[in-house]
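have a look at this fold, sequence not included:
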C-alpha cells in the first residue's frame, strides 16, 4: 500500500522558497504568475496487511510526530 | 487558475532525504515502512484569462526550464 503525504506551509506563513521561484519565473519571462508556494510530497510504501483506514491513521501519526511541523505546516494524507 | 506541479526523483536515483525519513520513522517505532521517497510540490497561481490547455503547456515549459532537473527528476502538472 502506498501513502502520499502533502506538506505545505500554512497560509500566512512566509514562503521564501516559493518567492524565489516566483522571481525566477518572472526573470525567465513567464508572465502572469501571481504566487508560488512550495511544499513537500512524501511517498511512503507500507507493508500490506493493514486496512486503508488503519494505514491512514498511522500515517497521520507519522505526520504529527515527524513529517510536518504542525506549528507552521499543514498536511494531507492520501492512501493509494 | 491554479497549477500544481509534483516533482519527484526518478526511480533508481538515490534519495538520501527519503532514506533519512525512513530511518527516522523506524527509530520512532513505526514498523512496516518499506520505502520513502521525498519530492517537491509547487503550487502556482496563474492570472486568469488563459485556457487550461495553454496553462498546462506553459507550466510544462516552466518545469523544463526551472522547476525540475529533468536529468534526475520527473514531474507531473495538474491544472485545478
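Received the coordinates, thanks. Every value quoted in this text rests on a predicted model; they were computed, and no experiment measured them. Numbers count the residues shown, from 1 in each chain, chains lettered A, B, ... in the order given.

make it CA atoms for all contacts and neighbour counts henceforth
OK.

could you give the angle of the top strand by length along chain A to strand B:33-46?
Assignment by DSSP state E gives strand A:33-46 as the longest strand of chain A. Counting by axes from the mean of the first three to the mean of the last three Cα atoms, to 10 degrees, strand A:33-46 lies at 170 degrees to strand B:33-46.

ok, and for strand A:33-46, which residues are buried?
For strand A:33-46, a neighbour-count test (16 or more other Cα atoms under 10 Å in any protein chain shown) marks A:33, A:35-46 as buried.

what's the spacing between the helix or strand following that strand and its chain's center?
Next helix or strand after strand A:33-46 toward the C-terminus (DSSP states H and E): helix A:52-62. Distance, stretch centre to chain centre, for helix A:52-62: 16 Å (Cα atoms, centre = their mean, to the nearest Å).

continuing past helix A:52-62, what's the next helix or strand?
strand A:73-79.

how near is the residue lying farthest from the centre of chain A to residue A:16?
What lies farthest from the middle of chain A is residue A:29; by Cα atoms, centre = their mean that is 27.4 Å. When distance is defined by Cα to Cα, to the nearest Å, residue A:29 is 20 Å away from residue A:16.

circling back to that earlier point, and the longest strand of chain A, what does it pack onto?
strand A:2-9, helix A:16-27, strand B:33-46 (3 or more Cα pairs under 8 Å, 6 or more residues apart in numbering or on different chains; DSSP states H and E).

contacts for the first one?
Surrounding strand A:2-9, the residues in contact under the criterion Cα atoms under 8 Å, 6 or more residues apart in numbering or on different chains are A:15, A:37-46, A:55-56, A:59, A:67-68, A:72-80, B:41.

how about the nearest residue to residue A:35, chain neighbours excluded?
residue B:45 (5.0 Å; Cα to Cα, 6 or more residues apart in numbering or on different chains).

hey, what's the one you found bridged with?
residue A:35, residue B:2 (DSSP bridges).

just for chain A, where's the confidence low?
Chain A contains no residues with pLDDT under 70.

would you mind listing what in it touches chain B?
Neighbours of chain B within chain A, by Cα under 8 Å from any Cα of the partner chain: A:6, A:18, A:21, A:24-25, A:30, A:32-47, A:62, A:66-67.
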